[in-house]
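J.: Generate a structure from the sequence data that follows.
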Amino acid sequence: MDFQKIRCKACGYRAVVTLSLVFCVNIVFAEQKIENASPSQIFAHFQELYEQQDKVCPPNRKEIKKLAVSYLNLKKLESEGKKVEYKLAIANLYGLGTTDNLSAAFYFFQRAANHGNVKAMRQLGLLLLQGGVGSIKTSREIKAAWKQAVYWLKAAANKGDVQSILLMSYLYHEGGSASSLVKNDEKSFQYALLAANSGNARAYLNLGDFYYSGYYVKQSYKIAETYYLKALAQAGLPVRARKYYLKRIVRMNQCGVIELDSVTVIALKKELMILVNKHFC
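T.: Residues are numbered from 1 along each chain as shown. Down below sits the predicted model:
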C-alpha cells in the first residue's frame, strides 16, 4: 500500500497518510500537537485544511490538497457508517493492510456496536474485559471497564450471539474478579442452556459439565453423557477437547456410572486411538 509523507507548513503537522478509502483513517502522526487526537479531532483538522487550501501555504498547495482528499475520503467513510466500521475495527486490531492500532480498533468497534453490530458488541466486551486500550489503570477504571464489558456482552447475548451467551455463562459462574457480576449459578446455568438450545457444541459440553459435577443441578451422569455425545457428534471441536471428553465418556462407562452399547464403545475408543496416534506422529 502506498503511503505519502506530508508536512503542513500552516500548522506544523507531519503525517504519514494513505489515501485508500478503507485504511485512510490509519493516520500516524510522527510530530503533532495533539498526541492522542481522536478521529473527530482529525476530521476537524482536515476540514480546516480543506477550507483553507487556497489561502495558506501557496508553495505547498499540492500537499494540502492531498490532505483534503484524505479528509473527503474520511467523510465518505463516515457516511457509509455501519457498512465498514466493523471491518475497519478488525483491520486495525490485527493489522490487516495497515499497522495494528488498538485505539483505532476500539473506536470503530464502539461505533459499530452503537449501530447494532452484534460481533462488534462481543469484541468490544472482550477488549474491555482485557483492559480496554491501555489507558485503564486504576481499580476504579478497571471495574468501570468490566461493567461496560458485561453491558455489551449482555446486549450481544440478547441478540442471540452464541459466543456472547457462553461468555455470560462463564462470567456468572466465576463472578468476582472475573467481571463486575456477582457469582450467580442459576444465571450461569440458564445462559449455558440457552446456548445449548442453539445446537452449539461448546455449549453442550458446558451443560454436560454441570450435570457431570452436580454443580447447581442434581448430578446425573446419564444427562452428562447425552450432552457430551451431542457435542462429539459435531465437527469442529478442537482436538484437545475431543480427546478430553472421549476419555471422560469411556472412563464413565468403565466405572459403570453409564451404560453404553458395545458398538458405541468401540467407535469412541477407535476415535480416541486415532487422535492419540496423531498427537504422537
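J.: Confirm that residue 105 sits in a helix.
T.: Yes - when DSSP: H, G, I helix; E, B strand; the rest coil is applied, residue 105 is found to be in a helix.
J.: show me the residues around it that make contact.
T.: Remark: with contacts taken as CB atoms under 8 Å, 6 or more residues apart in numbering, residue 105 is in contact with 89, 90, 92, 93, 127. To be clear about C-beta, it is placed using only N, CA and C from the backbone, and glycine gets the same treatment.
J.: Format the residues you listed as CSV; extra columns: distance to residue 204.
T.: Compiled in CSV, these are given as follows (distance: CB to CB, whole Å):
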residue, distance to residue 204
89, 31
90, 29
92, 35
93, 30
127, 28
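J.: Please narrow those to those residing in helices.
T.: With helices defined by DSSP state H, the entries of the contacts of residue 105 inside them are 89, 90, 92, 93, 127.
J.: now the fourth one, nearest residue through space, not along the chain?
T.: Distance criterion CB to CB, 6 or more residues apart in numbering; nearest residue to residue 93, sequence neighbours excluded, is residue 105 at 3.8 Å.
J.: swap in the first one?
T.: Taking CB to CB, 6+ apart as the measure, residue 89 lies nearest to residue 108, with 3.7 Å between them; neighbours along the chain are not counted.
J.: Quick check: which ranges of the stretch 101-250 of the chain have low pLDDT?
T.: For the stretch 101-250 of the chain, applying pLDDT under 70 flags the ranges 132-137, 176-180.
J.: What ranges does it have for its helices?
T.: In chain order, the stretch 101-250 of the chain shows helices spanning 102-114, 118-129, 139-158, 162-174, 185-196, 201-213, 221-232, 239-255, with DSSP state H, counting those that start in this stretch as the criterion.
J.: I would like the residues contacting the longest one, please.
T.: Translated: helix 139-158. 113, 118-119, 121-122, 124-129, 131-132, 135-136, 163-165, 167-168, 171, 179-181, 191, 194.
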